[in-house]
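Novice: what shape does this take:
(chains A and B)
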There are 2 protein chains.
Amino acid sequence: MPAAPTPGPLRKNARATDPGAGVLRVALLGCGVVGTQVAQRLIEHADDLGARAGARLELAGIAVRDAARPRDGVGTVVPRELLTEDAESLVDGADLVVELMGGIEPARALIHRAIAGGASVVTANKALLAAHGPELFEAADAAGVDLSFEAAVAGAIPIVRPVRESLAGDHVRRVLGIVNGTTNYVLDQMTTHGLDLEEALKEAQTLGYAEADPTADVEGHDAAAKAAILASLAFHTRVSLAQVACEGISGVTAADVAAAQQTGHVVKLLAIAEQTAEGVSARVHPALVPVAHPLAAVRGAFNAVFVEADDAGPLMFYGQGAGGRPTSSAVLGDLVSAARDRLVGGRGPRESAYASLPVLPHDAAVTRYQVRLVVADRPGVLAQVAQVLADHGVSIDTVRQAPDEPYAVGVAEGTAVLLLTTHAAREASLAATVTALRGIEPVREITSVLRVEGA
Amino acid sequence: MPAAPTPGPLRKNARATDPGAGVLRVALLGCGVVGTQVAQRLIEHADDLGARAGARLELAGIAVRDAARPRDGVGTVVPRELLTEDAESLVDGADLVVELMGGIEPARALIHRAIAGGASVVTANKALLAAHGPELFEAADAAGVDLSFEAAVAGAIPIVRPVRESLAGDHVRRVLGIVNGTTNYVLDQMTTHGLDLEEALKEAQTLGYAEADPTADVEGHDAAAKAAILASLAFHTRVSLAQVACEGISGVTAADVAAAQQTGHVVKLLAIAEQTAEGVSARVHPALVPVAHPLAAVRGAFNAVFVEADDAGPLMFYGQGAGGRPTSSAVLGDLVSAARDRLVGGRGPRESAYASLPVLPHDAAVTRYQVRLVVADRPGVLAQVAQVLADHGVSIDTVRQAPDEPYAVGVAEGTAVLLLTTHAAREASLAATVTALRGIEPVREITSVLRVEGA
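Specialist: Got it, this is the predicted structure:
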């Protein structure tokens, strides 16, 4: 605990070496679910945070749009006088700025203002980083301040720091992340209780795991921003949100989940970042994960990030990916680091984009597929289907035709369900194969095409 | 990649801002399994490591006891001229020292020498840190250099950095770690294939997972050093090796594993660090882990560390805990960080022991127990046994008497096996209970007493 802190902020380039030397002024932007928790911790755990940071972290104020609105914890733990509608003045007087407003503006302008004023910044704003990361990192670098963002990916789980720092001496080849708790909860309910998507989503909304408008989660946009951030860190290459191929879970049916189970898989929405000989890619889509894979055991609203590195081999990071308290843990960890860097005149890691590897187009991904199709139930059909795949250079791994399995029950008289799993194939070849399959007579319907990952 | 590095080391307090500004000289102490991999990476990945560190990391030399001995990779990737038997001179000329010799001396003296000379140090030496950590951290702090040790706990798994830095704004309450791959492999084989300890250990030795003398692993000494390090980091309190209660797996039988399975558990050797209202404790012992707990799924020689923090909630870090390549990944991550700190004049986190919480005696731990005992098979015996527990304030959760289950088959005529699981009780109360049970007539044998964790 800092002994007798002297008043007055330690500004940029301070070189205090005495851990009790002073006070750092913290500006908090936003007082939502996460902001409230961060504010409370800064007040209630002031002694511990001060001892760990090396200086007292004084909550200078909290910028909100409407200071008069009642908020949990404000007026009790957090003095109401700390609320202000003047974010700019608050930022101008701060050593450390914590941005938890979300959205692009005014978050972006305020972070630029903070950096220009010599403050270090901690943010949880994945959308902002995925859209404007490079300009913000460059500004922070030029000003010699930290810009940290552990809370932007997978909430409480330390993943940004491990990828940026712990694996800085290794080569990451692939990242497979369950980084959206809402969709993992929905898919887990579908798997465990046989619910369909709508039922599971309704339940998630009732329990507060999904928002009233769940589009950003269900359509994979939230996961895509995180995929862009993870790919950029993992491959030392800028990968923007626009470069992430994105497909959500809205097309996943109860029959898809049942078919996955019959072949020893569970369906997960994955954020994938991959490096191949040609370049790097990032994508988000539902995928079949083998039940023995560590990601398959990630239940409910939990998150996990599986990393494959050349030397480290497989690693997995597991925990809570959202919520006020878990996210505040990540924010405060960054804040303590930024404070320490400030006190010794150090710097956290800068943006590392030196590798500048080519970012591959969306259809360049190479993966395995499971294709479910309804075909005429007569001799020779399988041969015809197999020939179409062979013509497109797509090799079949397994074929399953089991009329009693749940996903196959109830198809029209005279038809049967085929479940094909392919060996690794290019996305473009598979797309051409599916188009060709649609064109042959015995194929009545391509019911689903799902990628298989983590095998 | 650094453009045209200029020769000459950047010594202590260098303030280079141009990432291509120079060269940092790396001294490697030890050229065993890990050292060889680190040396090869420094040479083969020099461009990447240089770009990430901000300066070229030049392998200045490798200190070994016998420079003439043939070694894999030396003479091919690693020039033999780099080997030297003069560790002291090598250290004296280095900016960064990587200690991979293991053991206490001369590692300790060489690290002191490096620190005194202004070099930052990376070590994987858990035994040294557990025994002499405080004096080394104090020396590093006084000299203003980094002393980092990610590779000392759980090999490739980033766990030291997450606990030290990512969780610096949180309160860790408990750490449960599978931190010894040899014993996890052995226990997993016993679980999966019903082997007894000797058979499984022999197999582990054949596959290279266990050493010819497996004492340090089997008796828990290796895990105890890691428990001391994790407890110290997690609780901001110095916990020494002598303060870690340590019991290995040599007493675990095939029947114990079978009994665990019957009650929905697997047996794991856990390194546990815990904070309660009275203080902190660290211990290593075999424990029953519920099959649904994430640690139960950690198979083979893999490691995992499960952390419970107030705000983050449960977190798990999973990966390879040993081996040359995985460990080299952790070493090189630390090395890149230490190099960056040096270049910008920053510092990694110092030792944080400000909390100085009381370290509790070994018998203060509170946990649940599973007790297996052979009793006379007649009416009234269970009541007698239950009374002994009640007299010691130990409350029974479940009782199981199932003569057909594997652990119960083959006991003497007229006797039966009881499997009791208790609610949480103090270690001291349980010990007294066991002594009292031994003293009553119907109890023929206390076959095993195992703790239950993670429930």
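Novice: what's the burial count for the residue of the stretch 101-250 of chain A found nearest chain B?
Specialist: Distances between the stretch 101-250 of chain A and chain B by CB to the nearest CB are smallest at A:Gly169, namely 2.3 Å. Placement of C-beta: from N, CA and C, glycine included. If you count neighbours by other CB atoms under 10 Å in any protein chain shown, A:Gly169 ends up with 28.
Novice: surely it meets B:Val336?
Specialist: Yes - applying CB atoms under 8 Å, one finds A:Gly169 in contact with B:Val336, separated by 5.2 Å.
Novice: anything in contact with each of the two?
Specialist: B:49, B:52 (CB atoms under 8 Å, 6 or more residues apart in numbering or on different chains).
Novice: and the residue of the stretch 1-150 of chain A found nearest chain B, what element?
Specialist: The minimum distance from the stretch 1-150 of chain A to chain B, using CB to the nearest CB, falls at A:Ala51 (4.3 Å). Element membership for A:Ala51 (DSSP states H and E) is helix A:46-53.
Novice: give me the buried positions along that helix.
Specialist: A:46, A:48-53 (16 or more other CB atoms under 10 Å in any protein chain shown).
Novice: quick check: next helix or strand after it?
Specialist: Moving toward the C-terminus from helix A:46-53, the next helix or strand (DSSP H and E) is strand A:56-63.
Novice: which residues touch whatever helix or strand comes next after that next one?
Specialist: Using DSSP H and E, the next helix or strand after strand A:56-63 towards the C-terminus is strand A:83-84. Contact partners of strand A:83-84, identified using CB under 8 Å, 6+ apart, comprise A:31, A:61-64, A:67, A:74, A:90.
Novice: and strand A:83-84, which strands flank it?
Specialist: If you go by DSSP bridges, strand A:83-84 pairs up with strand A:56-63 (parallel).
Novice: just how off-centre is the partner strand within its chain?
Specialist: Relative to its chain's centre, strand A:56-63 lies at 28 Å (CA atoms, centre = their mean, to the nearest Å).
Novice: can you check stretch A:103-118 too?
Specialist: 23 Å.
Novice: now stretch A:79-88
Specialist: For stretch A:79-88, the distance to the chain centre is 31 Å (CA atoms, centre = their mean).
Novice: pull it out as CSV, backbone CA atoms only.
Specialist: Output of stretch A:79-88 as CSV, limited to C-alpha atoms (Å, rounded to 0.1, in the frame of the first residue of the first chain):
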residue,chain,number,x,y,z
PRO,A,79,-20.0,9.3,-5.1
ARG,A,80,-22.5,11.0,-7.5
GLU,A,81,-20.2,14.0,-7.8
LEU,A,82,-17.8,11.9,-9.8
LEU,A,83,-20.3,11.8,-12.7
THR,A,84,-19.7,14.4,-15.4
GLU,A,85,-21.2,15.1,-18.8
ASP,A,86,-18.0,16.9,-19.8
ALA,A,87,-15.9,14.0,-21.1
GLU,A,88,-13.3,16.2,-22.7
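Novice: what residues of it count as buried?
Specialist: Going by 16+ other CB under 10 Å, stretch A:79-88 has these buried residues: A:82-84, A:87.
Novice: and stretch A:367-379, by the same measure?
Specialist: The neighbour-count check on stretch A:367-379 (16+ other CB under 10 Å) flags A:367-375, A:377 as buried.
Novice: returning to that earlier point: out of the buried residues of stretch A:79-88, who's nearest B:Ile111?
Specialist: Of all those, A:Leu82 has the smallest distance to B:Ile111: 46.3 Å, by CB to CB.
Novice: mind checking pLDDT for that closest one?
Specialist: Per-residue confidence (pLDDT) for A:Leu82: 97.
Novice: surely it and A:Val64 touch.
Specialist: No - the pair A:Leu82 / A:Val64 is not scored as a contact, 9.8 Å apart, by CB under 8 Å.
Novice: still on that earlier bit, reformat the buried residues of helix A:46-53 as a markdown table; add pLDDT.
Specialist: As requested, those are arranged in a markdown table below (pLDDT from 0 to 100):
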| residue | pLDDT |
| --- | --- |
| A:Ala46 | 97 |
| A:Asp48 | 97 |
| A:Leu49 | 98 |
| A:Gly50 | 97 |
| A:Ala51 | 97 |
| A:Arg52 | 97 |
| A:Ala53 | 96 |
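Novice: give me the neighbour count for A:Thr192.
Specialist: Neighbour number of A:Thr192 under other CB under 10 Å is 13.
Novice: list the contacts of the helix or strand containing it.
Specialist: Here A:Thr192, judged by DSSP H and E, is contained in helix A:181-193. By CB under 8 Å, 6+ apart, the residues outside helix A:181-193 that reach it are A:155, A:178, A:195-197, A:199-201, A:203-204, A:207, A:209-211, A:214, A:217-218, A:220, A:223, A:248-249, A:252, A:254, A:257, A:261, A:266-269, A:286, A:298-303, A:320-322.
Novice: switch to 7 Å and redo it
Specialist: A:178, A:195-197, A:200-201, A:203-204, A:209-210, A:214, A:217-218, A:249, A:254, A:257, A:266-269, A:298-303, A:321-322 (CB atoms under 7 Å, 6 or more residues apart in numbering or on different chains).
Novice: check whether the helix or strand encompassing A:Glu138 contacts chain B.
Specialist: Take DSSP H and E as the rule and A:Glu138 turns out to sit in helix A:126-143. No - remark: helix A:126-143 sits outside contact range of chain B, by CB under 7 Å from any CB of the partner chain, the gap being at least 10.2 Å.
Novice: average pLDDT across that helix?
Specialist: In this model, helix A:126-143 has a mean pLDDT of 96.
Novice: that helix packs against which elements?
Specialist: helix A:107-116, strand A:147-148, helix A:221-235 (3 or more CB pairs under 7 Å, 6 or more residues apart in numbering or on different chains; DSSP states H and E).
Novice: now the buried members of the contacts of helix A:181-193.
Specialist: A:178, A:195, A:197, A:200-201, A:203-204, A:209-210, A:214, A:217-218, A:249, A:254, A:257, A:266-269, A:298, A:301-303, A:321-322.
Novice: by contact count, what packs against whatever helix or strand A:Val388 lives in?
Specialist: Using DSSP H and E, A:Val388 maps to helix A:381-391. Counting contacts by 3+ CB pairs under 7 Å, 6+ apart, helix A:381-391 packs against strand A:396-400, helix A:427-438.
Novice: next, the buried residues of it.
Specialist: A:381-382, A:385-386, A:388-389.
Novice: so which residues make contact with that helix?
Specialist: In contact with helix A:381-391 (CB under 7 Å, 6+ apart) are residues A:375, A:396, A:399, A:418, A:433, A:436-437, A:440, A:442.
Novice: for those, please prepare TSV with the additional fields pLDDT.
Specialist: Formatted as TSV, the contacts of helix A:381-391 follow (pLDDT from 0 to 100):
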residue	pLDDT
A:Val375	97
A:Ile396	96
A:Val399	95
A:Leu418	96
A:Thr433	97
A:Ala436	97
A:Leu437	97
A:Ile440	96
A:Pro442	96
